[in-house]
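Student: Structure of the sequence below:
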Amino acid sequence: MNSLYHKYKHHYRANLNLAIPVVISQLGHTLVQTFDTIIVGHFAGTVSLAAVSLANSIFMVMLVIGLGVSYGITPLIAQHNGRGSFSECGKLLSNSLFINVITGVFLFAITFLGSVFLLDHLHQTPGVVRQAKPFLFLLGLSLIPMLIFNTFKQFAEGLGFTRQAMYISIWGNVFNAILGIILVKGLFGVSPMGVKGVGYSTLTDRCVMAMVMGLYVFRSKIFKKYLKDFVLTNIDRLRCMQLLRIGGPVALQYTFEISAFSAAAIIIGTIGYHEQAAHQVAINLASMTYMMASGLSAAAAIKAGNFFGNGDHRELRHSAISSYHIVLVFMTITAVFLTALNHVLPWIYTSDNAVIVIAAQLLIIAALFQLFDGTQVVGLGILRGMGDVNIPTIITFLAYWVVGLPVGYILGLQMHLGVKGVWYGLVLGLATSSILLFFRFQFISKKHRDKTILILAKD
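Tutor: As a prediction, the model looks like this:
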């Protein structure tokens, strides 16, 4: 263990220094849903909590599609920065902003249609559907400013500047929580809005965060050399295709995973609204650890992109393996935490005993999939940094939609294991994805390393 630590010590420090701010800012996306869930669970009741679960099950698919598309810029920026092609970074930013705004409008349109037509045909409790509709509409509208924020965030993080997005995310979540309580509860003369209140607070928060992050990028001196060729209207088909060739498959990767969890929420909703509310509590807690691991993944992608850009495949492997070590340690700690406090954590969200009992059981299962969840998302990040996105996309589809969700449906409904059976299937899907992505990383990285060694030997 000592020799292993010294072998990777440099990469542990470098990756953690880069990752920690990214982890916190990535966590910000989930904390919005967390605060919404807590506020609604305590101030609006169990039916409202189930409505949040239903709306989020659809919205999270739209969210990760948008996030995935916006991630296309980060490895490209990291690679160009590694090569010293600074002017190309500004050109990529203008094209990325264009793509992400169009994506945000498109996803809002789909979400709007979902809130009008889809919710009525999912065999959910009528009271839950009635409250979910306006909440889903407001969440969908918030996608546009969120993707503008993420454009500037991913640009800055691709260049290694990660702290400002972290600070904005922290203050944004504080603002969202305070405004959400005021609007839901009806304080300071405001009429109580229930579930719609957290929708309005989320929309307002994301608009403010987008403006602040944009001002930071354009006004900061550290970005001036990268923005010399930034022109808002300079849209180039070739650069758009470069961004989409990475962002599109990444969006699909995240979509296959999150949509499987969303489909699981809808399946669970046919069992009962207590089970649906408990699923929302447990999945929200698991999502926080997932988004933190996603932050480690983003840092791993940046490092992999830098090393891949300058052709140092030996250091790329060392950096990647150190990222695997970090996420394994982190997710082991979170697994112990979820297990030890499985009866306590649900109280943060609700005082409904029926929901708490079910959620406590689900948190034990969530603890089981922590290691798989962490390693699969880090594997995706490393491969993304190397520009390998197509095969991982196929892997995620097979893992979640061919293995995980069908097994969960059979165990949960056909074999009458209920909500726990659905979650067992999700564990199997995560395990499949994790193992196959690790084998893919080993194959690709060794192939590039051996090719470099062969070229050097000939020279």
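
Student: Give the next helix or strand downstream of the helix or strand of the chain with the lowest mean pLDDT.
Tutor: Between all helices and strands in the chain, the lowest mean by mean pLDDT, DSSP states H and E belongs to helix 2-43, at a mean of 70. Downstream of helix 2-43, the first helix or strand assigned by DSSP states H and E is helix 46-70.

Student: by contact count, what packs against that following helix?
Tutor: Under the contact definition 3 or more C-beta pairs under 8 Å, 6 or more residues apart in numbering; DSSP states H and E, helix 46-70 sits against helix 2-43, helix 86-113, helix 126-158, helix 195-219, helix 237-269, helix 273-309. In this view, the C-beta of every residue, glycine as well, is placed from N, C-alpha and C.

Student: rerun at 10 Å
Tutor: Applying 3 or more C-beta pairs under 10 Å, 6 or more residues apart in numbering; DSSP states H and E, one finds that helix 46-70 makes contact with helix 2-43, helix 86-113, helix 126-158, helix 195-219, helix 237-269, helix 273-309, helix 353-368.

Student: so that helix versus helix 195-219, what angle?
Tutor: In terms of direction (axes from the mean of the first three to the mean of the last three C-alpha atoms, to 10 degrees), helix 46-70 departs from helix 195-219 by 20 degrees.

Student: From Q164, how far off is R314?
Tutor: Per C-beta to C-beta, to the nearest Å, R314 is found 32 Å from Q164.

Student: the more surrounded of those two?
Tutor: Set side by side, R314 and Q164 show more neighbours around Q164, with 20 against 13, by other C-beta atoms under 10 Å.

Student: quick one, what contacts the closest residue to that one other than its chain neighbours?
Tutor: Ranked by C-beta to C-beta, 6 or more residues apart in numbering and with sequence neighbours excluded, the top spatial neighbour of Q164 is Y216, at 5.2 Å. By C-beta atoms under 10 Å, 6 or more residues apart in numbering, the contact set of Y216 is F152, K153, A156, F161, Q164, A165, Y167, I168, F223.

Student: just the buried members of the residues you listed?
Tutor: Neighbour-count burial (16 or more other C-beta atoms under 10 Å) applied to those gives F152, K153, A156, F161, Q164, A165, I168, F223.

Student: per-residue pLDDT, the first one?
Tutor: In this prediction, F152 carries a pLDDT score of 90.

Student: what bits of the stretch 201-350 of the chain have low per-residue confidence?
Tutor: Along the stretch 201-350 of the chain, the model assigns pLDDT under 70 to residues 312.

Student: Apply 50 and report the result again.
Tutor: By pLDDT under 50, the stretch 201-350 of the chain contains no weakly predicted segment.

Student: Most widely separated two among the buried ones among the contacts of Y216?
Tutor: Spatial extent of the buried ones among the contacts of Y216 (C-beta to C-beta) is set by the pair I168 and F223 at 15.3 Å.

Student: hang on, the earlier thing: any chance of the contacts of Y216 in CSV with distance to Q376 as columns?
Tutor: Listed next are the contacts of Y216 as CSV, based on distance: C-beta to C-beta, whole Å:
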residue, distance to Q376
F152, 28
K153, 23
A156, 26
F161, 27
Q164, 29
A165, 24
Y167, 29
I168, 28
F223, 33
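
Student: Between those residues, which sits nearest V377?
Tutor: Using C-beta to C-beta, K153 is the member of the contacts of Y216 that sits closest to V377, with 17.7 Å.

Student: So the closest one is in contact with A165, correct?
Tutor: Yes: counting by C-beta atoms under 10 Å, A165 is a contact partner of K153 at 4.3 Å.

Student: Around G429, how many other residues sit close by?
Tutor: Residues contacting G429 under the criterion other C-beta under 10 Å number 29.

Student: What distance do you get for it to S25?
Tutor: Between G429 and S25 the computed distance is 27 Å (C-beta to C-beta).

Student: likewise T204?
Tutor: Separation of T204 from S25 (C-beta to C-beta) stands at 19 Å.

Student: of the two, who's got more company?
Tutor: The neighbour comparison of T204 against S25 (other C-beta under 10 Å) goes to S25, with 28 against 19.

Student: give me every residue that touches the more buried one.
Tutor: Contacts of S25 by C-beta under 10 Å, 6+ apart are 149-150, 153, 156-157, 162-170, 172, 213, 291, 295, 298.

Student: 6 Å instead, please
Tutor: S25 makes contact with A165, M166, S169, according to C-beta atoms under 6 Å, 6 or more residues apart in numbering.

Student: could I have the one helix or strand the last one maps to exported to PDB, CA atoms only?
Tutor: Put plainly, it is S169. Element membership for S169 (DSSP H and E) is helix 163-185. The C-alpha atoms that make up helix 163-185 are tabulated as PDB, following Å, rounded to 0.1, in the frame of the first residue of the first chain:
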ATOM      1  CA  ARG A 163     -13.300  27.500  -8.000                       C
ATOM      2  CA  GLN A 164     -15.500  30.400  -9.300                       C
ATOM      3  CA  ALA A 165     -18.300  28.000 -10.400                       C
ATOM      4  CA  MET A 166     -18.000  26.300  -7.000                       C
ATOM      5  CA  TYR A 167     -18.600  29.600  -5.200                       C
ATOM      6  CA  ILE A 168     -21.500  30.600  -7.500                       C
ATOM      7  CA  SER A 169     -23.100  27.100  -7.000                       C
ATOM      8  CA  ILE A 170     -22.800  27.400  -3.200                       C
ATOM      9  CA  TRP A 171     -24.400  30.900  -3.000                       C
ATOM     10  CA  GLY A 172     -27.000  29.900  -5.600                       C
ATOM     11  CA  ASN A 173     -28.200  27.000  -3.500                       C
ATOM     12  CA  VAL A 174     -28.400  29.200  -0.400                       C
ATOM     13  CA  PHE A 175     -30.500  31.700  -2.400                       C
ATOM     14  CA  ASN A 176     -32.700  28.900  -3.800                       C
ATOM     15  CA  ALA A 177     -33.300  27.400  -0.300                       C
ATOM     16  CA  ILE A 178     -34.300  30.700   1.300                       C
ATOM     17  CA  LEU A 179     -36.500  31.800  -1.600                       C
ATOM     18  CA  GLY A 180     -38.100  28.300  -1.800                       C
ATOM     19  CA  ILE A 181     -39.100  28.400   1.900                       C
ATOM     20  CA  ILE A 182     -40.600  31.900   1.500                       C
ATOM     21  CA  LEU A 183     -42.700  30.900  -1.600                       C
ATOM     22  CA  VAL A 184     -43.800  27.500  -0.400                       C
ATOM     23  CA  LYS A 185     -44.700  28.400   3.100                       C
END
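
Student: All set, thanks.
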